[in-house]
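In: Mind folding the following:
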Amino acid sequence: ACKMAAYREEQEGELEALQAMYSEEELTIKENQKGFSIVITSDEELEEELLSLELDLIYSSQYPDEMPLLMVENVHGLDENEMEEIQRFINESAEECIGTVMGFTLISNIQMKLGEILDKVKSKELEAQKQKEEEERIKEEARFKGTPVTKETFLEWKIKFEVEMSTGSKQATDSIPLKLTGRNMFEKDSSLAKSDTALLDDLDQL
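Out: Presented below is the predicted three-dimensional model:
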């Protein structure tokens, strides 16, 4: 009986200490002082919203020498994976505290964990934004850069050009063209053909 009275005294002492530290809007004492509920929020906002949850801690008869019942409710800003992470963290923290009242320690640890989750989310968002900007930069460069000229691409263009000129000459009339075509220019000036060879040599040296 003395032991049970000692447990009860520790529980009541913890509740009094928590009431002195937290407002009535944050902390709610359970009926018959069997535990408490408290709203815990992150220190910083995510997209103008605080990460938050409500922790219910219900005393067992031999608390703090045994685990209390712990429940999480009214969660805001956390996805399913983050909620599972929080639940595991709360249970691990509570197990480490068995033998001493743990309310304030759990509240502080949970608030710290919410901050860590918030930092991870912000880091992922920043990384995604950087990746998006890099992809846009590469696309923009590709628009202005065009296709680089190599020996292979030049020869491919030259063959296509000559085929088009040859086809065009068959369809042309016997009249003297007022404007020289590429083929006419090659036929009239052999230096143009030589310039092709020089260009190919230059490309080979790239």
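In: tell me which residues of stretch 96-109 are tucked away?
Out: Using 16 or more other C-beta atoms under 10 Å as the burial criterion, the residues of stretch 96-109 that qualify are C97, V101, M102, G103, L106, I107, N109. Quick note: C-beta positions are derived from backbone N, CA and C, even for glycine.
In: Now do the end-to-end distance for that stretch.
Out: Terminal residues of stretch 96-109 lie 12 Å apart, using C-alpha to C-alpha, to the nearest Å.
In: now swap in stretch 19-35 and tell me
Out: Start and end residues of stretch 19-35 are separated by 12 Å (C-alpha to C-alpha).
In: Centre of the chain to that stretch, how far?
Out: The chain centre lies 37 Å from the centre of stretch 19-35; the measure is C-alpha atoms, centre = their mean, to the nearest Å.
In: Identify each buried residue in that stretch, please.
Out: Taking 16+ other C-beta under 10 Å as the criterion, stretch 19-35 shows Y22, L27, I29, K34, G35 as buried.
In: The second one against Q19, yeah?
Out: Yes. At 6.5 Å, L27 and Q19 qualify as touching, with contact defined as C-beta atoms under 8 Å.
In: Identify those among the buried residues of stretch 96-109 that sit within strands.
Out: When the buried residues of stretch 96-109 are checked against strands (DSSP state E), there are no matches.
In: thinking again about what came up before, in helices, which of the buried residues of stretch 19-35 appear?
Out: In helices, defined here by DSSP state H, there are no members of these.
In: returning to that earlier point: wait, which of the buried residues of stretch 96-109 is closest to V121?
Out: Top of the list for closeness to V121, among these and by C-beta to C-beta, is N109 at 18.9 Å.
In: ok, for that closest one, nearest residue in space, not its chain neighbours?
Out: Spatially, and ignoring its direct neighbours in sequence, N109 is nearest to S93 (4.8 Å; C-beta to C-beta, 6 or more residues apart in numbering).
In: Out of the buried residues of stretch 19-35, name the two that are farthest from one another.
Out: The distance between the two most remote of those (C-beta to C-beta) is 17.7 Å, for Y22 and K34.
In: From L114, how far out is R8?
Out: Spatial separation of R8 from L114 under the definition C-beta to C-beta, to the nearest Å is 32 Å.
In: When the two are compared, which one has more neighbours?
Out: Neighbour count, other C-beta atoms under 10 Å: between R8 and L114, L114 has more, with 24 against 14.
In: was I right about that one contacting L51?
Out: Yes. In this structure, L114 is within contact of L51 by C-beta under 8 Å, at 4.7 Å.
In: where do the contact lists of those two overlap?
Out: Overlap between the contact sets of L114 and L51, as judged by C-beta atoms under 8 Å, 6 or more residues apart in numbering, is given by T41, S42.
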